[in-house]
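# with the input below, show me the fold.
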Amino acid sequence: MTKVFTLTVIEMVLYHNATLANPATKQLLGNGWLMVKDGRIVQRSQQ
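Got it, this is the predicted structure:
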């Protein structure tokens, strides 16, 4: 049997309508979103 492809499963979750907190500036940003991949935040921004 010949191996044609390998399937890798990556768990990604998108959280939206989040309030992002910047502890350095003590600033809160509403309507934010976070992209989490394998338990780590990989992207974040505001809508």
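# quick check: which ranges of this structure have low pLDDT?
For the chain, applying pLDDT under 70 flags the ranges 1-3.
# residue ranges of the helices in it, please?
Counting by DSSP state H, one finds no helices in the chain.
# strands of that one, start to end?
Assigned by DSSP state E, the strands in the chain fall at 12-22, 27-37, 40-46.
# roughly how far does Met12 sit from Gln27?
As judged by C-beta to C-beta, to the nearest Å, Met12 and Gln27 stand 27 Å apart. In short, each C-beta sits where N, CA and C put it, glycine included.
# what sits against the closest residue to Gln27 other than its chain neighbours?
Distance criterion C-beta to C-beta, 6 or more residues apart in numbering; nearest residue to Gln27, sequence neighbours excluded, is Ala21 at 7.6 Å. Going by C-beta atoms under 8 Å, 6 or more residues apart in numbering, Ala21 touches Gln27, Leu28, Leu29.
# highest mean neighbour count out of the strands of the chain?
Across those, averaging neighbours per residue (mean count of other C-beta atoms under 10 Å) puts strand 27-37 on top, at a mean of 13.
# partner strands of it, with direction?
strand 12-22 (antiparallel), strand 40-46 (antiparallel) (DSSP bridges).
# give me the most central residue, the chain.
The chain has Met35 as the residue nearest its centroid, 1.4 Å off, counting by C-alpha atoms, centre = their mean.
# quick check: closest non-adjacent residue to it.
Nearest residue to Met35, sequence neighbours excluded (C-beta to C-beta, 6+ apart): Gln43, at 4.1 Å.
# Val9 and Gly39: what is the separation?
With the distance defined as C-beta to C-beta, Val9 ends up 14 Å from Gly39.
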